[in-house]
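S.K.: one predicted model, sequence on top.
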Amino acid sequence: MIKRIFAGMICIAVTVMILCGTFLIGILYDCFDNLIYTELQNQAYFITNGIASDGDAYLNRIIQSENRITLIRPDGSVSFDSEYDAESMDNHLDREEVQKAFASGEGKSVRYSDTIGTQTLYYAKKMDNGSVLRVAAEMDSVWVLVLGVVQPMIFVLICTAFIAAILSQVTAKRIVRPINNIDLSNPEFDEPYEELAPLVQKIRTQNSRIQEQIQELRRKRAEFSIITENMSEGILIVDKKTEILSYNSAALRFLDVTEEDAARSRSVLEVNRNESIRIAVEQALKGMNCEQLMTAGEMCYLIAANPVFHGDGISGVIIIILDVTEKEKREQLRREFTSNVSHELKTPLTTIYGIADMLCGGIVKPEDTKGFSETIRNESHRMMLLIDDIIKLSHLDEAGSDTERYPLNLLAMAKNVADRLSYTAEKAGVTVAVKGIDAVIEGIPAVIEEMLYNLTDNAIKYNRRNGNVTIIVMEENGQACFSVEDTGIGIPKEEQERVFERFYRADKSHSRKIGGTGLGLSIVKHGAALHKAAVTLESSEGRGTKVSVVFHPCV
Amino acid sequence: MRNRFDEMQEKLHVEMIKMGALCEDAITCAVKALLDGDTTMIQKAFAAERAIDEKEREIEAFCMQLLLRQQPVARDLRVISSALKMISDMERIGDQAADIAEITKYTGNSPDFGKMHIKEMAIAAVKMVTDSINSFVKSDTNAAKCVIMEDDKVDALFIQVKSELIRLIAESPGKGEYCIDVMMIAKYLERIGDHATNIAEWVEYAVTGVHRTEEENV
């Protein structure tokens, strides 16, 4: 803007100066003309007077005059000339000024001589004796005059242009400064010029609209980040060049990257180039939804990549990362359980089927029939026990807090269980003792009894001859608890974690002989969970095992 | 123009990461097959190797395109030329991983295996490959230096495995074939370590403009 104003002003200044100069020259030139004529007139007057008084001798005297003086007879022939030989000059009657003088007493004319670039001014006056006196002065023509003036003119022009430049610079700046000083961020600013009022008004409305939009965007952004930050799922938004556009902290945690790494990375593959992510992103960029499992150490993540369609192409990918470690673990357990169950059920069935086949084929001697049928009974009994346990387990799995609970006396229940198992204990040569105080808890009777039974049964089974089993019921800090302690074979340290798993057996070689389904401790664990009780197991190999169940105080 | 070049360079970077990740996959699968006897991993290693070959050609063509069309200079040229060198190292890593997987088919699991240091060696080699790709991804010269140092460890392990194998052959000459197979694996692992070192060196070159070999010559 300053440039435009400056250029405009300079243009105007220069044009004005040129025009002024031209006019000035014109006017001056006219003035010169008149001045010379007046001078010529005066001289002619003097000469006329001089001739009148002195005659031709006067003419010879003034021959030194700078102006050319010519005397023309009435017939046109020249009688005197101050510069040329009068006799050789031609008739002057055809000259304009002479004609005019003869006609009206005086006349003037101008004649240009291009060859020498001058003009000659003539003034003719009719004298009393009838001849005409002509005085001529030479002067430079307009162009020569102009040429002479041009040099100083240009000098002046440059000077004035320079001054004009400085002035216009200052002026332009002064005009523009208030515009530059407008504070757009301040909604109450005043317009410096009234011509700017509509523009300023427009800017004002736009400003307020922009402010609103910024607020709106900020709010949306905050909303978005609140939502994503509070999600347990990780979110990554990636553009079609795999550049990370957005992420939440869960995603960073899952992918095990620091915030700055993620912020600095250009591509999601820089953050994590795991095969699953690579495939997921690639597939999604081809426009297909893709789910991949990614294992990182102990953890297991589900990566779901969805393409983002925008317009007629894919503009990016949204990647959602879910922590499915727990789910996968449970899935694994379920798979194991199913295969274990089928295996456990199949073993007795195979035996039964084999024997039945033999009986059918009639290849069994009558005296062996008893032994075989005993095996069939035992095996089917085992199967029934197994199915019973599985049913119990699935009941426990399903049973929620809605099952009715009663106040139970743990000591009485323990005694009852010990009674029921006294025959088994006697057979195994193990003494069972119940000690402790009356402790009362709220619970599901069948489940608590089952827990006690299983624990005591295990304690008897995995005991040595003449061993002891002690059931202790007590109350500590308002927490009822019972423990079953034996003096048996114990459980190796590395297996103590696993004995609560379904079908897991610490001592695999003996389990068939001892019987049992491998589900006992699992039922204990589930029962305890149902009562929000904690199960702890202490065991040292060869010396015995102690399982304690601590109930939280009744609310 | 510059913008477009940046974009293409970015694409090159991403493709290189993909190829590096494939290398990691190949060697990880091969080592898993070797250590855990997981035979499904053998096929995966082969698949990764084929993918690596394909990627190498792709990146090579892309680099040529960049060189011819954009005529890069200075740092840009270094990045592209080092990329060209790196992909051949990566390709070799892929090949050797596939070779290891191939041999694993025949060696099977043997009780002698656990007694040797080949497991440590395999783990160290995999770590070197992962670290060298990491140093490339992050253009991290410090990580690259670490990888170069690590190579000595793998070399030392190689010598150790070699002497263990010599002893084993001396003790039971019947295991000759097995020992030679393990020797090959050890050699491949050692070579993989060297290639990882090369990659790290090229990362250094791309960033600093000085390659180790030049430095040593000066």
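M.R.: All right, it came through fine.
S.K.: tell me, what residue is most central in the chain?
M.R.: This is for chain A. The structure's chain A has its C-alpha centroid closest to residue A:245; by C-alpha atoms, centre = their mean the separation is 5.8 Å.
S.K.: hmm, no, I was thinking of chain B.
M.R.: The residue at the geometric middle of chain B, judged as the C-alpha nearest the mean C-alpha position with C-alpha atoms, centre = their mean, is residue B:93 (3.8 Å).
S.K.: what's the neighbour count on the residue in chain B positioned nearest to chain A?
M.R.: Of chain B, the residue with the smallest distance to chain A, taken as C-beta to the nearest C-beta, is residue B:21 at 3.7 Å. Quick note: C-beta positions are derived from backbone N, CA and C, even for glycine. The burial count assigned to residue B:21 is 22, neighbours taken as other C-beta atoms under 10 Å in any protein chain shown.
S.K.: quick check: residue A:124 is in a strand.
M.R.: Yes - counting by DSSP: H, G, I helix; E, B strand; the rest coil, residue A:124 is part of a strand.
S.K.: what is it paired to in the beta sheet?
M.R.: Using DSSP bridges, the bridge partners assigned to residue A:124 are residue A:107, residue A:134.
S.K.: just to check, it is in contact with residue A:132?
M.R.: Yes - applying C-beta atoms under 8 Å as the test, residue A:124 and residue A:132 come out as touching, 5.1 Å apart.
S.K.: buried sites along stretch A:417-434?
M.R.: Using 16 or more other C-beta atoms under 10 Å in any protein chain shown as the test for burial, stretch A:417-434 gives A:417, A:418, A:421, A:425, A:428, A:430, A:432, A:434.
S.K.: and the next helix or strand past the helix or strand harbouring the fourth one?
M.R.: Using DSSP states H and E, the element containing residue A:425 is helix A:422-428. Read in the C-terminal direction, the helix or strand following helix A:422-428 is strand A:431-436, with elements assigned using DSSP H and E.
S.K.: strand partners (parallel or antiparallel) of that following strand?
M.R.: According to DSSP bridges, the neighbouring strands of strand A:431-436, each with its direction, are strand A:468-476 (parallel).
S.K.: quick one on the thing from earlier: ok, residues contacting the helix holding residue A:425?
M.R.: By C-beta atoms under 8 Å, 6 or more residues apart in numbering or on different chains, the surrounding residues in contact with helix A:422-428 are A:418, A:431, A:432, A:457, A:460, A:461, A:463, A:465, A:469.
S.K.: tell me the helices and strands packed up against the one helix or strand residue A:315 maps to.
M.R.: Counting by DSSP H and E, the element that carries residue A:315 is strand A:313-323. The elements that strand A:313-323 packs onto, with contact taken as 3 or more C-beta pairs under 8 Å, 6 or more residues apart in numbering or on different chains; DSSP states H and E, are strand A:234-239, helix A:249-255, helix A:275-285, strand A:299-310.
S.K.: now do the helix or strand just after that strand against strand A:299-310, angle only.
M.R.: Note on strand A:313-323: by DSSP H and E, the next helix or strand toward the C-terminus is helix A:325-361. Between helix A:325-361 and strand A:299-310, the angle comes out at 110 degrees (axes from the mean of the first three to the mean of the last three C-alpha atoms, to 10 degrees).
S.K.: quick one: average pLDDT of helix A:325-361?
M.R.: For helix A:325-361, mean pLDDT is 85.
S.K.: quickly list the domain ranges of chain A.
M.R.: Structural domains assigned to chain A are A:2-145, A:231-323, A:404-555, following automatic domain parsing.
S.K.: enumerate every residue touching the closest residue to chain B within the stretch 151-300 of chain A.
M.R.: Here the residue of the stretch 151-300 of chain A nearest chain B is residue A:273; by C-beta to the nearest C-beta that distance is 3.7 Å. By C-beta under 8 Å, 6+ apart, the contact list for residue A:273 reads B:17, B:18, B:20, B:21, B:24, B:133, B:137.
S.K.: now the helices and strands packed on strand A:313-323 in TSV, with mean neighbour count, distance to chain B and mean pLDDT?
M.R.: Converted to TSV, those look like this (neighbours: other C-beta atoms under 10 Å in any protein chain shown; distance: least, C-beta to the nearest C-beta, whole Å; pLDDT from 0 to 100):
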stretch	mean neighbour count	distance to chain B	mean pLDDT
strand A:234-239	21	11	87
helix A:249-255	19	14	84
helix A:275-285	20	6	84
strand A:299-310	18	15	87
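S.K.: distance to residue A:173 for these - can I get that in JSON lines?
M.R.: Compiled in JSON lines, those are given as follows (distance: least, C-beta to C-beta, whole Å):
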{"stretch": "strand A:234-239", "distance to residue A:173": "47"}
{"stretch": "helix A:249-255", "distance to residue A:173": "53"}
{"stretch": "helix A:275-285", "distance to residue A:173": "56"}
{"stretch": "strand A:299-310", "distance to residue A:173": "48"}
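S.K.: run through the bridge partners of the residue of the stretch 301-450 of chain A found nearest chain B.
M.R.: Taking C-beta to the nearest C-beta, chain B has its nearest neighbour within the stretch 301-450 of chain A at residue A:317, 13.5 Å off. Residues in a beta bridge with residue A:317, per DSSP bridges, are residue A:238, residue A:307.
S.K.: give the burial count for it, as a bare number.
M.R.: 24.
S.K.: by neighbours, which of the contacts of residue A:273 wins?
M.R.: Across those, the neighbour count under other C-beta under 10 Å reaches its highest value at residue B:133, namely 28 neighbours.
S.K.: wait, that residue touches residue B:23, no?
M.R.: Yes - applying C-beta under 8 Å as the test, residue B:133 and residue B:23 come out as touching, 6.8 Å apart.
S.K.: next structured bit after the helix or strand of chain B with the lowest mean pLDDT?
M.R.: Comparing every helix and strand of chain B by mean pLDDT, DSSP states H and E singles out helix B:111-115 as the least confident one, with a mean of 64. Later in the chain than helix B:111-115, the nearest helix or strand by DSSP H and E is helix B:118-138.
S.K.: which helix is the longest one in chain A?
M.R.: Among the elements of type helix in chain A, defined by DSSP state H, the one spanning the most residues is helix A:2-54.
S.K.: helices or strands up against that helix?
M.R.: helix A:56-61, strand A:68-72, strand A:106-113, strand A:118-126, strand A:132-140, helix A:142-180.
S.K.: apply 6 Å and report the result again.
M.R.: Based on contacts counted as 3 or more C-beta pairs under 6 Å, 6 or more residues apart in numbering or on different chains; DSSP states H and E, the elements that helix A:2-54 packs against are strand A:118-126, strand A:132-140, helix A:142-180.
S.K.: make CSV from those and add mean pLDDT to it.
M.R.: Putting these into CSV (pLDDT from 0 to 100) gives the following:
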stretch, mean pLDDT
strand A:118-126, 81
strand A:132-140, 79
helix A:142-180, 80
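S.K.: and the ones you listed as TSV, adding mean neighbour count and distance to residue B:148?
M.R.: Compiled in TSV, the helices and strands packed on helix A:2-54 are given as follows (neighbours: other C-beta atoms under 10 Å in any protein chain shown; distance: least, C-beta to C-beta, whole Å):
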stretch	mean neighbour count	distance to residue B:148
strand A:118-126	21	98
strand A:132-140	21	95
helix A:142-180	14	58
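S.K.: to residue A:346, which of these lies closest?
M.R.: In this view, the helices and strands packed on helix A:2-54 are compared for proximity to residue A:346 by C-beta to C-beta, and helix A:142-180 is the closest at 92.1 Å.
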